[in-house]
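Novice: build the 3D model from these lines:
(chains A and B)
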Amino acid sequence: MSSYFRITLMRSAIGLPRRTHDVLKALGLKKRMATVFHPVSPSVAGNIMKVKELVEVQEVDRRLTKQEVHLERKPDPGYYVEKRAGTELRECRRA
Amino acid sequence: MMFKPSSPLLSGLLWKIPWRLSAPQKARQRKRLRGVDRVVDTVSAALERNGFTTKSVERWYAEMPREEEMLPKDKYTIFDKKEKKYRKGIHKLPKWTRVSQRVNPPGF
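Specialist: Just a heads-up that it's a prediction; the model follows:
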(Lines give C-alpha, C1' and ligand atoms only; values in the text may rest on other atoms or scores of the structure.)
Protein backbone atom coordinates (compact mmCIF):
# COMPACT_ATOMS: atom_id res chain seq x y z
CA MET A 1 0.00 0.00 0.00
CA SER A 2 1.44 3.36 -0.99
CA SER A 3 0.90 6.41 1.14
CA TYR A 4 1.56 10.08 0.66
CA PHE A 5 3.26 12.91 2.47
CA ARG A 6 0.96 15.83 3.03
CA ILE A 7 3.33 18.81 3.26
CA THR A 8 2.24 22.31 4.30
CA LEU A 9 4.58 25.30 4.19
CA MET A 10 4.23 27.04 7.57
CA ARG A 11 7.24 29.39 7.50
CA SER A 12 8.47 31.29 4.46
CA ALA A 13 12.03 30.87 3.20
CA ILE A 14 12.57 34.63 2.75
CA GLY A 15 16.18 35.49 3.58
CA LEU A 16 17.28 31.86 3.66
CA PRO A 17 19.85 30.42 1.23
CA ARG A 18 18.99 29.97 -2.42
CA ARG A 19 19.18 26.17 -2.02
CA THR A 20 16.31 26.27 0.48
CA HIS A 21 14.16 28.20 -1.99
CA ASP A 22 15.04 25.66 -4.69
CA VAL A 23 14.01 22.73 -2.49
CA LEU A 24 10.63 24.37 -1.82
CA LYS A 25 10.24 24.94 -5.54
CA ALA A 26 11.06 21.28 -6.19
CA LEU A 27 8.38 20.26 -3.70
CA GLY A 28 5.92 22.63 -5.39
CA LEU A 29 5.48 24.91 -2.38
CA LYS A 30 5.11 28.44 -3.71
CA LYS A 31 3.63 30.32 -0.77
CA ARG A 32 2.97 29.96 2.92
CA MET A 33 0.10 27.63 3.93
CA ALA A 34 0.30 25.92 0.53
CA THR A 35 -0.31 22.16 0.77
CA VAL A 36 1.13 19.53 -1.58
CA PHE A 37 0.99 15.73 -1.69
CA HIS A 38 3.94 13.55 -2.66
CA PRO A 39 4.28 9.75 -2.57
CA VAL A 40 6.43 8.45 0.29
CA SER A 41 9.89 7.93 -1.18
CA PRO A 42 13.48 8.49 -0.05
CA SER A 43 14.00 11.43 -2.41
CA VAL A 44 10.92 13.30 -1.15
CA ALA A 45 11.98 12.49 2.42
CA GLY A 46 15.39 14.00 1.72
CA ASN A 47 13.74 17.15 0.39
CA ILE A 48 11.53 17.41 3.47
CA MET A 49 14.60 17.02 5.70
CA LYS A 50 16.17 20.02 3.94
CA VAL A 51 13.22 22.25 4.87
CA LYS A 52 12.04 20.54 8.08
CA GLU A 53 12.04 23.84 10.01
CA LEU A 54 9.60 25.41 7.53
CA VAL A 55 7.00 22.70 6.93
CA GLU A 56 4.45 20.50 8.68
CA VAL A 57 4.18 16.92 7.46
CA GLN A 58 1.51 14.24 7.77
CA GLU A 59 1.32 10.77 6.25
CA VAL A 60 -2.00 10.24 4.46
CA ASP A 61 -3.55 7.44 2.40
CA ARG A 62 -4.55 9.42 -0.65
CA ARG A 63 -3.96 12.74 -2.38
CA LEU A 64 -6.66 15.30 -1.71
CA THR A 65 -7.63 17.65 -4.52
CA LYS A 66 -7.06 21.37 -4.14
CA GLN A 67 -10.83 21.77 -3.67
CA GLU A 68 -10.91 19.26 -0.79
CA VAL A 69 -7.98 20.95 0.96
CA HIS A 70 -9.78 24.28 0.62
CA LEU A 71 -13.06 22.89 1.99
CA GLU A 72 -11.23 21.66 5.14
CA ARG A 73 -10.46 25.26 5.98
CA LYS A 74 -13.90 26.62 5.13
CA PRO A 75 -15.80 27.77 8.22
CA ASP A 76 -19.31 26.57 9.06
CA PRO A 77 -21.76 28.93 7.26
CA GLY A 78 -24.09 29.03 10.29
CA TYR A 79 -27.21 27.95 8.35
CA TYR A 80 -28.44 25.02 6.32
CA VAL A 81 -30.82 24.86 3.36
CA GLU A 82 -33.99 22.88 4.11
CA LYS A 83 -35.30 22.94 0.56
CA ARG A 84 -34.11 24.40 -2.73
CA ALA A 85 -36.41 26.93 -4.46
CA GLY A 86 -36.72 24.70 -7.54
CA THR A 87 -37.83 21.67 -5.53
CA GLU A 88 -40.38 23.71 -3.62
CA LEU A 89 -41.82 25.17 -6.87
CA ARG A 90 -42.20 21.69 -8.38
CA GLU A 91 -43.92 20.43 -5.24
CA CYS A 92 -46.33 23.38 -5.32
CA ARG A 93 -47.21 22.74 -8.97
CA ARG A 94 -47.80 19.05 -8.31
CA ALA A 95 -50.16 19.84 -5.42
CA MET B 1 21.34 63.90 38.61
CA MET B 2 18.30 63.67 36.32
CA PHE B 3 19.99 62.95 33.02
CA LYS B 4 21.97 59.81 32.91
CA PRO B 5 24.09 59.72 29.77
CA SER B 6 23.96 56.36 28.05
CA SER B 7 24.63 55.42 24.46
CA PRO B 8 20.94 54.95 23.45
CA LEU B 9 20.07 58.42 24.83
CA LEU B 10 23.06 60.22 23.38
CA SER B 11 22.79 58.89 19.85
CA GLY B 12 19.81 58.52 17.54
CA LEU B 13 19.20 55.07 16.14
CA LEU B 14 20.75 52.44 18.33
CA TRP B 15 19.50 48.90 18.36
CA LYS B 16 19.38 47.22 21.68
CA ILE B 17 19.23 43.46 21.48
CA PRO B 18 18.70 41.99 24.96
CA TRP B 19 21.46 39.64 26.01
CA ARG B 20 19.07 36.84 26.97
CA LEU B 21 15.76 35.47 25.76
CA SER B 22 12.49 36.24 27.55
CA ALA B 23 10.34 33.43 28.96
CA PRO B 24 7.82 33.48 26.06
CA GLN B 25 10.67 33.52 23.54
CA LYS B 26 12.11 30.44 25.22
CA ALA B 27 8.68 28.77 25.21
CA ARG B 28 8.35 29.43 21.48
CA GLN B 29 11.88 28.13 20.90
CA ARG B 30 10.95 24.84 22.64
CA LYS B 31 7.79 24.65 20.55
CA ARG B 32 9.80 25.05 17.34
CA LEU B 33 12.30 22.41 18.44
CA ARG B 34 9.46 19.97 19.14
CA GLY B 35 7.91 20.84 15.77
CA VAL B 36 11.11 19.83 13.96
CA ASP B 37 11.27 16.60 16.02
CA ARG B 38 7.69 15.85 15.02
CA VAL B 39 8.41 16.37 11.30
CA VAL B 40 11.43 14.04 11.44
CA ASP B 41 9.43 11.41 13.37
CA THR B 42 6.60 11.52 10.84
CA VAL B 43 8.98 11.20 7.89
CA SER B 44 10.89 8.36 9.56
CA ALA B 45 7.71 6.43 10.47
CA ALA B 46 6.31 6.82 6.95
CA LEU B 47 9.53 5.60 5.35
CA GLU B 48 9.74 2.63 7.70
CA ARG B 49 6.16 1.62 6.93
CA ASN B 50 6.96 1.64 3.21
CA GLY B 51 10.27 -0.17 3.65
CA PHE B 52 12.66 2.66 2.79
CA THR B 53 15.60 4.20 4.61
CA THR B 54 17.09 7.67 4.11
CA LYS B 55 20.57 8.79 5.07
CA SER B 56 19.52 12.28 6.16
CA VAL B 57 16.94 10.90 8.62
CA GLU B 58 19.37 8.33 10.05
CA ARG B 59 22.04 10.98 10.40
CA TRP B 60 19.61 13.28 12.23
CA TYR B 61 18.77 10.56 14.75
CA ALA B 62 22.44 9.67 15.18
CA GLU B 63 23.68 13.23 15.71
CA MET B 64 20.89 15.45 16.99
CA PRO B 65 19.38 15.32 20.49
CA ARG B 66 15.60 15.63 20.85
CA GLU B 67 14.06 18.67 22.52
CA GLU B 68 13.47 16.83 25.82
CA GLU B 69 17.04 15.47 25.84
CA MET B 70 18.66 18.88 25.37
CA LEU B 71 20.07 20.95 28.21
CA PRO B 72 18.58 24.43 28.68
CA LYS B 73 22.06 25.75 27.90
CA ASP B 74 21.91 24.22 24.43
CA LYS B 75 18.32 25.27 23.76
CA TYR B 76 18.78 28.96 24.47
CA THR B 77 22.48 29.67 23.93
CA ILE B 78 25.05 28.98 21.28
CA PHE B 79 28.82 28.56 21.26
CA ASP B 80 30.81 31.63 20.23
CA LYS B 81 34.59 31.76 20.49
CA LYS B 82 34.58 35.55 20.86
CA GLU B 83 32.26 35.68 23.92
CA LYS B 84 33.25 35.53 27.56
CA LYS B 85 32.67 31.93 28.72
CA TYR B 86 32.12 31.02 25.04
CA ARG B 87 28.30 31.32 25.08
CA LYS B 88 25.86 33.84 23.65
CA GLY B 89 22.07 33.92 23.30
CA ILE B 90 20.75 31.85 20.42
CA HIS B 91 18.75 34.87 19.25
CA LYS B 92 22.03 36.38 18.05
CA LEU B 93 22.22 33.64 15.41
CA PRO B 94 20.96 34.92 12.05
CA LYS B 95 17.55 33.38 11.12
CA TRP B 96 17.58 31.59 14.47
CA THR B 97 13.88 30.69 14.32
CA ARG B 98 14.32 28.80 11.06
CA VAL B 99 17.59 26.90 11.51
CA SER B 100 18.43 23.80 13.54
CA GLN B 101 21.25 24.57 15.97
CA ARG B 102 21.40 21.86 18.65
CA VAL B 103 24.95 20.64 19.17
CA ASN B 104 28.20 22.21 20.35
CA PRO B 105 31.69 21.91 18.88
CA PRO B 106 33.69 19.07 20.45
CA GLY B 107 34.87 19.93 23.95
CA PHE B 108 32.26 22.67 24.56
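Novice: ranges for the strands of chain A?
Specialist: A:4-9, A:35-39, A:55-60 (DSSP state E).
Novice: and those strands as a markdown table, adding mean neighbour count?
Specialist: Yep, even glycine has a C-beta here, placed from its N, CA and C like the rest. A markdown table is the format used below for these (neighbours: other C-beta atoms under 10 Å in any protein chain shown):
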| stretch | mean neighbour count |
| --- | --- |
| strand A:4-9 | 21 |
| strand A:35-39 | 17 |
| strand A:55-60 | 17 |
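Novice: the ones you listed into TSV, with extra columns for distance to B:Glu58 and mean pLDDT?
Specialist: Output for those, formatted as TSV (distance: least, C-beta to C-beta, whole Å; pLDDT from 0 to 100):
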stretch	distance to B:Glu58	mean pLDDT
strand A:4-9	18	97
strand A:35-39	20	96
strand A:55-60	17	96
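Novice: CSV for those, including distance to B:Phe52?
Specialist: CSV is the format used below for these (distance: least, C-beta to C-beta, whole Å):
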stretch, distance to B:Phe52
strand A:4-9, 12
strand A:35-39, 11
strand A:55-60, 12
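Novice: what's the end-to-end length of stretch A:75-93?
Specialist: Start and end residues of stretch A:75-93 are separated by 36 Å (C-alpha to C-alpha, to the nearest Å).
Novice: rewinding a little: chain B: which of the strands of chain A is closest?
Specialist: When these are compared by C-beta to the nearest C-beta, strand A:55-60 sits nearest chain B, at 4.1 Å.
Novice: so where's the chain uncertain?
Specialist: Just so you know, I chose chain A. Across chain A, the ranges flagged by pLDDT under 70 are A:1.
Novice: actually chain B
Specialist: Counting by pLDDT under 70, chain B has low-confidence residues at B:1-2, B:8, B:12.
Novice: in stretch B:86-95, what's buried?
Specialist: By neighbour count on 16 or more other C-beta atoms under 10 Å in any protein chain shown, the buried set for stretch B:86-95 is B:Arg87, B:Lys88, B:Gly89, B:Ile90, B:His91.
Novice: and which of those residues is nearest chain A?
Specialist: Using C-beta to the nearest C-beta, B:Ile90 is the member of the buried residues of stretch B:86-95 that lies nearest chain A, at 13.5 Å.
Novice: which non-adjacent residue is nearest B:Trp19?
Specialist: Closest residue in space to B:Trp19, ignoring its immediate chain neighbours: B:Gly89 at 6.1 Å, by C-beta to C-beta, 6 or more residues apart in numbering or on different chains.
Novice: any idea how far the one you found lies from B:Gly35?
Specialist: Note on B:Gly89: its distance to B:Gly35, by C-beta to C-beta, to the nearest Å, is 20 Å.
Novice: how about the residues of chain A near chain B?
Specialist: Chain A has residues A:2-3, A:5, A:11, A:13, A:15-16, A:40-42, A:45-46, A:48-50, A:52-59 near chain B, with proximity defined as C-beta under 8 Å from any C-beta of the partner chain.
Novice: can you do 6 Å?
Specialist: Counting by C-beta under 6 Å from any C-beta of the partner chain, chain A comes close to chain B at A:Arg11, A:Val40, A:Pro42, A:Ala45, A:Gly46, A:Ile48, A:Met49, A:Lys52, A:Glu53, A:Val57, A:Glu59.
Novice: done for today, thanks.
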